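Undergrad: Any chance you can model this:
(7 chains)
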Amino acid sequence: MGNIPIDAVMGTVLDSVMSTAFWIGILWVLTKIALYFVAGRVLVGIAGRAITHIVIDRKTAGKGPVRFDPRRAQTIGRLVNNVVSYAVNFIVLMLILSELGVDLAPLLAGAGVMGLAIGFGAQSLVKDVITGFFIIFEDQFAVGDVIKTGNFQGTVEEIGLRVTRIKSWTGEVHIIPNGAITEVTNFSTNNTVSVVDVSISYESDIDRAAEVIRRTAKEVSETNANIVKEPEVLGVQQLGASEVVIRVTAECKPMTHVGVGRELNAAIKKALDAEGIEIPYPRMVMLQRTE
Amino acid sequence: MGNIPIDAVMGTVLDSVMSTAFWIGILWVLTKIALYFVAGRVLVGIAGRAITHIVIDRKTAGKGPVRFDPRRAQTIGRLVNNVVSYAVNFIVLMLILSELGVDLAPLLAGAGVMGLAIGFGAQSLVKDVITGFFIIFEDQFAVGDVIKTGNFQGTVEEIGLRVTRIKSWTGEVHIIPNGAITEVTNFSTNNTVSVVDVSISYESDIDRAAEVIRRTAKEVSETNANIVKEPEVLGVQQLGASEVVIRVTAECKPMTHVGVGRELNAAIKKALDAEGIEIPYPRMVMLQRTE
Amino acid sequence: MGNIPIDAVMGTVLDSVMSTAFWIGILWVLTKIALYFVAGRVLVGIAGRAITHIVIDRKTAGKGPVRFDPRRAQTIGRLVNNVVSYAVNFIVLMLILSELGVDLAPLLAGAGVMGLAIGFGAQSLVKDVITGFFIIFEDQFAVGDVIKTGNFQGTVEEIGLRVTRIKSWTGEVHIIPNGAITEVTNFSTNNTVSVVDVSISYESDIDRAAEVIRRTAKEVSETNANIVKEPEVLGVQQLGASEVVIRVTAECKPMTHVGVGRELNAAIKKALDAEGIEIPYPRMVMLQRTE
Amino acid sequence: MGNIPIDAVMGTVLDSVMSTAFWIGILWVLTKIALYFVAGRVLVGIAGRAITHIVIDRKTAGKGPVRFDPRRAQTIGRLVNNVVSYAVNFIVLMLILSELGVDLAPLLAGAGVMGLAIGFGAQSLVKDVITGFFIIFEDQFAVGDVIKTGNFQGTVEEIGLRVTRIKSWTGEVHIIPNGAITEVTNFSTNNTVSVVDVSISYESDIDRAAEVIRRTAKEVSETNANIVKEPEVLGVQQLGASEVVIRVTAECKPMTHVGVGRELNAAIKKALDAEGIEIPYPRMVMLQRTE
Amino acid sequence: MGNIPIDAVMGTVLDSVMSTAFWIGILWVLTKIALYFVAGRVLVGIAGRAITHIVIDRKTAGKGPVRFDPRRAQTIGRLVNNVVSYAVNFIVLMLILSELGVDLAPLLAGAGVMGLAIGFGAQSLVKDVITGFFIIFEDQFAVGDVIKTGNFQGTVEEIGLRVTRIKSWTGEVHIIPNGAITEVTNFSTNNTVSVVDVSISYESDIDRAAEVIRRTAKEVSETNANIVKEPEVLGVQQLGASEVVIRVTAECKPMTHVGVGRELNAAIKKALDAEGIEIPYPRMVMLQRTE
Amino acid sequence: MGNIPIDAVMGTVLDSVMSTAFWIGILWVLTKIALYFVAGRVLVGIAGRAITHIVIDRKTAGKGPVRFDPRRAQTIGRLVNNVVSYAVNFIVLMLILSELGVDLAPLLAGAGVMGLAIGFGAQSLVKDVITGFFIIFEDQFAVGDVIKTGNFQGTVEEIGLRVTRIKSWTGEVHIIPNGAITEVTNFSTNNTVSVVDVSISYESDIDRAAEVIRRTAKEVSETNANIVKEPEVLGVQQLGASEVVIRVTAECKPMTHVGVGRELNAAIKKALDAEGIEIPYPRMVMLQRTE
Amino acid sequence: MGNIPIDAVMGTVLDSVMSTAFWIGILWVLTKIALYFVAGRVLVGIAGRAITHIVIDRKTAGKGPVRFDPRRAQTIGRLVNNVVSYAVNFIVLMLILSELGVDLAPLLAGAGVMGLAIGFGAQSLVKDVITGFFIIFEDQFAVGDVIKTGNFQGTVEEIGLRVTRIKSWTGEVHIIPNGAITEVTNFSTNNTVSVVDVSISYESDIDRAAEVIRRTAKEVSETNANIVKEPEVLGVQQLGASEVVIRVTAECKPMTHVGVGRELNAAIKKALDAEGIEIPYPRMVMLQRTE
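TA: Model prediction:
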């Protein structure tokens, strides 16, 4: 590069442009590239449908001798889809580059300045693939799970070779390189606990309020199928500035604790009103003084 | 460098400056450089118009045998434009440097101190290009999408080989190297959910307020085409210090949730006023005491 | 790669696809791969049950000549399970890749650009395994302990070769690579201290309040088996804006301090009420002035 | 270093100091150094004026066959100035060092400890130059644009080979190495939007207030040439604690939105006063209670 | 790896499993491994008791010709214990691996991809050991000292070869790799100062209040053996919003300043009450206005 | 190291200590070291005074054919002083080490473990020197300028080869390695703008208040020589909770804006008082309600 | 390691343990080790006392031909002490290891995986020593100075080869590796400025208040020897929510500004009281409204 006789090259280039053979060659190459391109797209499309049919849609998953967890089947199905797409596109790219006369081998083998820069620049790519492999291998989470990593929370839509796609409950899609997923919180593998803190006034009878709360929470749990165990009143969580805080917890089916919490809020508020137990506003003692 | 016989060089330089041939040579070189420069600009201009005509503007995109998503066509069109501009300018630069007698090859091949420094210094450049390639290949986002990455949110204007340009809704343009785009949130691929939290006073009837809110939100959804599903009143989100917070959500077309939220705010406020349900101000219990 | 005669390869590929032998060969390879896969799953299953039987479930653990702490036995049992799973799956993967004709050795041995990228990309993998080894070797924590590392707190469910799984008390599972576990806080090895700060008004008699608190805390400690030492009233922790803060501490069995704190809160609140000692609301002196 | 026969060197040094030839030699060298230095300064000065004359000041920029954006012309003019200054000074430094008998080549070629340290130490220098090149090549911003990068905002004064100078509107100059400019926000390429949030009381009629605001903003836009589109009242942005917030936006010429916002503030405040629509103070409901 | 003839290996494996000699061989190896394991545990146990007897428990420490600080003796005793445990276990592990036919030498010597990854992955391990060595060598802290490093504070329980264990006063154990201990604060080597800020009202006489505080603090210091110097009233630390803040300090024995502060709080509060000097509540001037 | 026959060395050492020649040798070496040391200090002292005389103190700076900015002359003078001090001390150190028989060359040339550690450890040293060179070469700031870098602001006292010393206005000296000075804000090269935000009540007439402020600011500018342009009233900056904020700006001589701001504060406050325009206290609407 | 014939070694070990010669050999080695150890401690002790006598305690420091700043003498004395301790202990360690037959040379020379890990792990060690050298060489701070680095402030107790010890005014000792000391603030080299902000009410006469403050501050400066220049009233620093803030500054001897500030606080408060100038409490305008 830079060492090649530029002038001579330019002359040849100008000559070539004039001849007809040159234009036919270009047309031929372009046709081949287009063919490769179309073939790649068709292959990816066929493979995608096949995988969807065999692994993802099959209601019979989990019936053969080697039983599959349907949750993992869907995850792996999408991953295979993703890997096939990478592989086919990579081969098509190589064919097209070879058609254009570009040879990547020396670039990748060269250990000079370029090699150093590429090696360092590509390290996060390698890390993404390694981490992605372990996420699936260790079953850290699967498609459909609700997870949180860093500041991003949502339902996993796809675990790819390089990136994972998470859809938050308000609709936006977070795309996170696998290498950036170090610490993951999975909300879908266990029952979750709904924690409701109820404030009562300092004048109220703590034991009676706790009993009302307990009874109300129990009634809610009897009608709400998401609550799997009778709710528990833990006791006086805090002696606040203007209120005594009583904590009640309810173990729920995975990811239903927010809804259960809302129902408990409403039910307990009504019950305390009915019993005449005050939920206090912020209070302040005013000491009037004349200057 | 440093090793060259500086004195001799200076002498030759002074001699040369005196002769006419020297000045003619310089003129010739400058003319060639100017020609290369002009040719480069012309080429980039022609290529840009051709690409715009073929890929971006064509209303017929998506009609040939290999159908293109028009959204991706625009993205790739601008990328090709960007790549052509880099390539042509790079060749022009090489020609000009070769004209000036500068040879970059030994510098890039040298594995000494300079090579080390250049290799490390250029690694983020390589990372930018690799990440940019995967952003488009994996269709993380396309031109026209609204995305958020790091602290920057806006509409994608161009995904280049090295940088991505995002335009925020208040008009400023964020230019972000692709390598710095690790975690992306895409707001344009799914319906988004408008979340409105309404405060009512502790004295109000929760069920009646929820019913009013539900009815109002439904009326809004019937006139507002951006709402795709009947809004849902989730329940008592929180028992606040001075107010009971009721949450209502509405699934909207992508990126319309802010406007829908504004309309819901206004409609619900009016409906609660009409029904005599109080939206409470902050409250405080004052306990007067004489010292 | 790129250097191989792509055209020739494509021709051979097309020829092969036509012949029957080709299809039989593929079937044979697929069958072998399936066999390896099934064998691997069966092996891992058997090993898992055996280990569970011998190490984890055995009530007799700690009876042989080399006594095992049952807490460590469970930890190591799960780790062995995890290691066996990695090992078997790794061998199966190697067999399958060898069946498919993929040879990883040159890739791993190559010291070029790919080697550099892989070496750097894999370094966090190595760090995970080394750190995981030391966590168990140094008995930093064991399965069943409550630990905190970074922002994640919960009960340890499994310490694997590469990741540790922690379950928080509200049900979600945190999955943390061992290499990210630098500083650990273990709550399960020692008695924990419940710290309760009680606010009394500035007008109250500090000594009498401290005596009431001391007596109440002692009564609680006599009925609550989790308190291992008589609670101690430390004194006036702070002269606050509106209140005098008295601190009382109680040493409890590991991880019971939160529950003990709740019981102390309730008991002390009732005792102060009974004694007529005021828990003050925030106060403010209002100086009325006419403009 | 350290290996040289220090004693012998000291002896020779002492001998030399005594002879006259030594002093004449020193004088001669100093004279040459001074000459190089003066020549360098003169050259930089001449080049600076020439460039300013040709590229920066020329009113005719944009008239030749290759039209220049005057904005880029100024940027590149200052950059060329900066590069010439670096180049001339570098050559002068080399000449002076050669005069003093210092030879840098072995130091830069050596791959030992010093080479390692220099290579790593210089990597940010290389990164600065590469990033600076791309800032100008990609036209991320130009001299005169208002940009923000990191915590620094202001008008670009110069984009140099290594650093960029930004002048904030309060007068201080921020000097930022180009390598530290990763994510840039450019305020000068697009129209900016002035966003004004107006608070009205809960008792006010939202629709009438919105109409007054809309009319006032329109009147302002008719007299203020910086507003390029009729301002738009978006609706009820928020139901605040004591106020209903109505948002109005106005698209303005680049960087005029702050001034437009000030004018809108004043006009809307007066209009609401005239119409008797209250801009509310913070409110609180006081519940008097006797203890 | 990967290059080995997998099929042949599998055949041999299946053949072997059938023969009796194979099973006897396995038994023999397992017996030897068990023996090594038991021997290792016994050795570590004996060494531990010996060291505890000689260095840690010995009341005679500090009586021989080379006197030991008992504080350092305990630290070093535990470290030696820790080092012996590492060494014995390392040898046992080597013996077991050698029994199983695993040879680590080529892995560690190989400079390829694996070597690079291991070298980088292990660097924090090396850093831990080096830092740990210097912590003890420089006597930065010893077992029993109260230290703070990063966000962790507590009493040092053990300084090991790789990690340090700190027990906080509320009972939890922090385990910190030595390499993560960069900046340490040691609370146990010097007397600590108890700082008490007392607020008095703006109407109070500053000098009289300071005198009362001084007298009270002096009385406390006469009964509290932890105060080593007469407390000092520094003066008016701050003119606050509602109060004048007077600071008093008392030099105490190491780590007793919190308790001393509590005693001073109580004593000064009572003394100010007795003298009729007001500790003010927050104040606000209310300017009543009719709209 | 470690390989040397320690026993033999010890023997020789003991023998040597007995002989007289050994002691004379030591005395001779110590004398030479002392001489080198004294010579170094004398040289640095003389050079310092010479430089101060020629470059820093000379009132005639800026009179010769090559004119020097006196601001840069002082900066470079101190730098030369600093460099001379480093150079002389380095040579003295080398002479002393050579006298003691220590040879650093092999250590620096060795590419083993020590070389790696030294190379990495010294990289920030190299970075400091490179950055320091560019700070002066690019005239980022000079001795006497007020700059801010990171969290440190103050007047530059010295720009050395490795560190820069900044003196804050309250007297403390910040010593910052040049390599840590990435982004610099220089307050001394341009006029600075004093920004004063004045609050008036919502009841006041905005236009009249703006006029009073404008007039007062103009009067101040006529008597205060630091204000270089007539102050400008920008308009209503914000409609605050209890006040309307009017912003006025005044362009001042470099670094005088704080003092100008203080004068404007006082003058505007008095003028508003005289005109009866209220500067409002925080306001709150109290809604009395009986429970 | 791992390659050695473990079985043979074990046999030899068992044989040796039986013979008497083995035990005598061990005793001999242990004796020698003990001797080395004692000799090392004695040497360090003697050297310490000698250095303390010569450099630190000598009242005559600064009387010889090469005058020493006594502040630097103390710093260097402690450093030499520290270096001697490192050197002697290092030699003793080498002697002991050589006695035990451990040879570190191959380990340090090996460029394999271990070398890489050690080289990287030790780089911060090297950085500590280099930075420590420059701290003393550049006289950034000396023993006895009050400095701040990172979050740690206090009096320097010792600058060692690797760590610096700082004692905070409340007694705790911060131990900071020299490499972590990048940016230092030294409070002891210059006079420090005491800044006192006094609040007066909006109704007070600013000029009269400023005059009272000026007079009071001057009176304080006449009796307080720590104030080196007459205090200066800068003017109206801020127009606050409820108060006008007047700033007064007083230049004091190094590190006395906190005490001076306390004295100014008290004196100004009394003076304003005497003059009837109000220090205002927070104010709020209450607008009573009936619902």
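Undergrad: Helices of the stretch 1-150 of chain A, residue ranges please.
TA: When assigned using DSSP state H, counting those that start in this stretch, the helices of the stretch 1-150 of chain A occupy the ranges A:6-18, A:20-51, A:70-99, A:105-109, A:113-137.
Undergrad: tell me the most buried of those?
TA: Comparing the helices of the stretch 1-150 of chain A on average neighbours per residue, with mean count of other C-beta atoms under 10 Å in any protein chain shown, the densest one is helix A:113-137 at a mean of 20. C-beta here means a position set from N, CA and C on the backbone, and glycine is covered the same way.
Undergrad: what about that one, near chain D?
TA: No - contact between helix A:113-137 and chain D, assessed by C-beta under 8 Å from any C-beta of the partner chain, is absent, since the two come no nearer than 10.3 Å.
Undergrad: That helix and chain E, are they touching?
TA: No - Helix A:113-137 lies apart from chain E when judged by C-beta under 8 Å from any C-beta; the minimum separation is 10.3 Å.
Undergrad: ok, is that helix in contact with chain F or not?
TA: No - where contact is defined by C-beta under 8 Å from any C-beta, no part of helix A:113-137 touches chain F; the two come within 15.9 Å at best.
Undergrad: related to what we said a few turns ago, what about the helices of the stretch 1-150 of chain A, which gets the closest to chain B?
TA: In terms of C-beta to the nearest C-beta, the element of the helices of the stretch 1-150 of chain A nearest to chain B is helix A:113-137, at 2.9 Å.
Undergrad: so does that closest one get close to chain C?
TA: Yes - Helix A:113-137 lies in contact with chain C when judged by C-beta under 8 Å from any C-beta; the contacting residues are A:115-116, A:118-120, A:122-127, A:129-130, A:134, A:137.
Undergrad: what's across from the spatially most central residue of chain A in the sheet?
TA: Within chain A, one residue has its C-alpha closest to the average C-alpha position: by C-alpha atoms, centre = their mean, that is residue A:166, at 2.8 Å. Beta bridges link residue A:166 to residue A:156, residue A:174 when assigned by DSSP bridges.
Undergrad: buried ones in stretch A:222-233?
TA: Judged by neighbour count using 16 or more other C-beta atoms under 10 Å in any protein chain shown, the buried positions of stretch A:222-233 are A:224, A:226, A:227, A:231, A:233.
Undergrad: How about residues contacting that stretch?
TA: Contacting residues not belonging to stretch A:222-233 are listed as A:191, A:194, A:210, A:213-214, A:217-218, A:220-221, A:246-253, A:256, A:259-260, A:263-264 [C-beta atoms under 8 Å, 6 or more residues apart in numbering or on different chains].
Undergrad: Dump that stretch to PDB, keeping only the CA atoms.
TA: Presented in PDB, the C-alpha positions along stretch A:222-233 are these (Å, rounded to 0.1, in the frame of the first residue of the first chain):
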ATOM      1  CA  GLU A 222     -58.200 -16.900  48.900                       C
ATOM      2  CA  THR A 223     -59.600 -15.200  45.700                       C
ATOM      3  CA  ASN A 224     -56.300 -14.500  43.900                       C
ATOM      4  CA  ALA A 225     -54.800 -17.700  42.400                       C
ATOM      5  CA  ASN A 226     -51.400 -16.000  42.000                       C
ATOM      6  CA  ILE A 227     -50.800 -16.100  45.700                       C
ATOM      7  CA  VAL A 228     -49.300 -19.500  46.500                       C
ATOM      8  CA  LYS A 229     -49.000 -19.200  50.300                       C
ATOM      9  CA  GLU A 230     -51.000 -17.400  53.000                       C
ATOM     10  CA  PRO A 231     -49.600 -13.900  53.300                       C
ATOM     11  CA  GLU A 232     -47.600 -13.200  56.400                       C
ATOM     12  CA  VAL A 233     -47.600 -10.000  58.600                       C
END
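Undergrad: Report the distance from that stretch to the chain centre.
TA: Using C-alpha atoms, centre = their mean, to the nearest Å, the distance from the centre of stretch A:222-233 to the centre of the chain it belongs to is 29 Å.
Undergrad: again, but for stretch A:87-102
TA: Stretch A:87-102 has its average C-alpha position 32 Å from the chain's average C-alpha position, going by C-alpha atoms, centre = their mean.
Undergrad: ok, it near chain C or not?
TA: Yes - applying C-beta under 8 Å from any C-beta, one finds that stretch A:87-102 is in contact with chain C at A:94, A:95, A:97, A:98, A:102.
Undergrad: just curious, which of these is nearest to residue C:90?
TA: Taking C-beta to C-beta as the measure, residue C:90 sits nearest to residue A:94 out of the residues of stretch A:87-102 next to chain C, at 29.1 Å.
Undergrad: On the pLDDT front, check the closest one for me.
TA: pLDDT, the model's per-residue confidence, is 80 for residue A:94.
Undergrad: Look up how far residue A:102 lies from it.
TA: 10 Å (C-beta to C-beta, to the nearest Å).
Undergrad: got it, and residue A:266?
TA: Distance from residue A:266 to residue A:102, counting by C-beta to C-beta: 66 Å.
Undergrad: Tell me which of these two has more neighbours.
TA: More crowded of residue A:266 and residue A:102, by other C-beta atoms under 10 Å in any protein chain shown: residue A:266, with 20 against 11.
Undergrad: and that one, what helix or strand is that in?
TA: Following DSSP states H and E, the helix or strand that holds residue A:266 is helix A:257-275.
Undergrad: Contacts only, for the residue of chain A found nearest chain E.
TA: Nearest residue of chain A to chain E (C-beta to the nearest C-beta) works out as residue A:287 at 6.5 Å. Residues in contact with residue A:287 (C-beta under 8 Å, 6+ apart) are B:289, B:290, B:291, C:283, C:284, C:285, C:286, E:281.
Undergrad: would it count as being in a strand?
TA: Yes - read with DSSP: H, G, I helix; E, B strand; the rest coil, residue A:287 is one of the residues of a strand.
Undergrad: measure it to residue G:280 for me?
TA: Taking C-beta to C-beta as the measure, residue A:287 and residue G:280 are separated by 18 Å.
Undergrad: bridging residues for residue A:227?
TA: Counting by DSSP bridges, the residues bridging with residue A:227 are residue A:252.
Undergrad: For ChimeraX, what selects the buried ones among the contacts of stretch A:222-233?
TA: The following ChimeraX selection, which keeps only the buried ones among the contacts of stretch A:222-233, applies the criterion 16+ other C-beta under 10 Å:
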select /A:191,194,210,213,214,217,220,221,246,247,248,249,250,251,252,256,260,263,264
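Undergrad: coming back round to it: quick one: which of the contacts of residue A:287 is nearest residue D:19?
TA: When the contacts of residue A:287 are compared against residue D:19 (criterion: C-beta to C-beta), the nearest one is residue E:281, at 88.8 Å.
Undergrad: Hmm, that closest one is touching residue C:284, no?
TA: Yes - between residue E:281 and residue C:284 there is a contact under C-beta atoms under 8 Å: 6.2 Å.
Undergrad: Looking at these two, which is more packed in?
TA: Neighbours per residue, other C-beta under 10 Å: of residue E:281 and residue C:284, the larger number sits with residue E:281, 21 against 18.
Undergrad: Quick one: residues contacting the more buried one.
TA: With C-beta under 8 Å, 6+ apart as the criterion, the residues that contact residue E:281 are A:287, C:241, C:242, C:283, C:284, C:285, E:242.
Undergrad: Filter these down to the ones in strands?
TA: Secondary structure from DSSP state E places A:287, C:283, C:284, C:285 of these in strands.
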